[in-house]
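S.K.: Just the structure for this:
(chains A and B)
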Amino acid sequence: QKEVEQNSGPLSVPEGAIASLNCTYSDRGSQSFFWYRQYSGKSPELIMSIYSNGDKEDGRFTAQLNKASQYVSLLIRDSQPSDSATYLCAVNLQGGSEKLVFGKGMKLTVNP
Amino acid sequence: GAVVSQHPSWVICKSGTSVKIECRSLDFQATTMFWYRQFPKQSLMLMATSNEGSKATYEQGVEKDKFLINHASLTLSTLTVTSAHPEDSSFYICSARGDGGSYEQYFGPGTRLTVT
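M.R.: Residues are numbered from 1 along each chain as shown, chains lettered A, B, ... in the order given. Have a look, this model is predicted:
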């Protein structure tokens, strides 16, 4: 069974802090990795995609990928209350499937 | 770019009736669309993968005769919940794979179905 696992959470950080969200995956051949944000009662929204080892920055968000360790993370700098949401890690498996395998999500609360 | 719409955003129907949900890619062509279901406080569950012009591929445990999927054009896929029952009440979300060759999926806003 191909799996994507996220820390069970929930995670609570004060406003202005760095929030760190982690994800591991079991399929060593995976090539595409995504982070989605889902506000309560809403659908997921793509916030980051990463394909190569290393860091990828977009504004306050940084995605980090380490294929050797099968690990992908999302850092949110200067966290804001509006960042409070559930963050979903998603991985595209090798073998040509178009499907994404989603983690169960980590609920983040940023306290003012 | 990469906007996906769904209609309706919410629907209430009586047990035994059928409900059709539409998913449209507004500013790109989507050869592949996906249908998910999400129960409260649970993760997304992929129901099926829909490819334009061909039969949908259903995930294990999803009844294809109950959840009819049609992907008749590059911008429209529909999900029909047939003979709905209260246990079908859920949040149904479609997504579309972007047309740039990557595996990114862009989600519609979702349809909240309540079966009474």
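S.K.: Quick one: low-confidence residue ranges for the chain.
M.R.: I'll assume chain A. A:1-2, A:95-96 (pLDDT under 70).
S.K.: switch to chain B, that's the one I care about
M.R.: B:1.
S.K.: Show me which residues of it are close to chain A?
M.R.: Within chain B, the positions near chain A by Cβ under 8 Å from any Cβ of the partner chain are B:32, B:34, B:43-44, B:46, B:49, B:93, B:97, B:102-110. Just so you know, the C-beta spots here come from the backbone N, C-alpha and C atoms, and that holds for glycine as well.
S.K.: Buried subset of these as a PyMOL selection?
M.R.: In PyMOL, this line selects whichever of the residues of chain B next to chain A come out buried by 16 or more other Cβ atoms under 10 Å in any protein chain shown:
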select buried, chain B and resi 32+34+44+46+49+93+97+103+104+105+106+107+108+110
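S.K.: how about B:Lys14, what does it touch?
M.R.: Residues near B:Lys14 by Cβ atoms under 8 Å, 6 or more residues apart in numbering or on different chains: B:115-116.
S.K.: Next, give phi and psi for it.
M.R.: For B:Lys14, the backbone dihedrals (degrees, to the nearest 10) come out as phi -90, psi 150.
S.K.: isn't B:Gln105 right up against B:Ala96?
M.R.: Yes. Between B:Gln105 and B:Ala96 there is a contact under Cβ atoms under 8 Å: 6.8 Å.
S.K.: Touching both of these two, which residues are there?
M.R.: B:Phe34.
S.K.: about what we covered before: the residues of chain B next to chain A in strands, which ones?
M.R.: Of those, the ones assigned to strands by DSSP state E are B:32, B:34, B:46, B:49, B:93, B:97, B:105-107.
S.K.: Adding distance to B:Leu74, write the residues you listed out as a markdown table.
M.R.: Converted to a markdown table, those look like this (distance: Cβ to Cβ, whole Å):
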| residue | distance to B:Leu74 |
| --- | --- |
| B:Thr32 | 10 |
| B:Phe34 | 15 |
| B:Leu46 | 21 |
| B:Thr49 | 15 |
| B:Ile93 | 20 |
| B:Arg97 | 11 |
| B:Gln105 | 16 |
| B:Tyr106 | 14 |
| B:Phe107 | 18 |
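S.K.: Looking at those, spot the one nearest B:Trp10.
M.R.: B:Ile93 (12.7 Å; Cβ to Cβ).
S.K.: Look up how far B:Met45 lies from the closest one.
M.R.: Using Cβ to Cβ, to the nearest Å, we find B:Ile93 at a distance of 10 Å from B:Met45.
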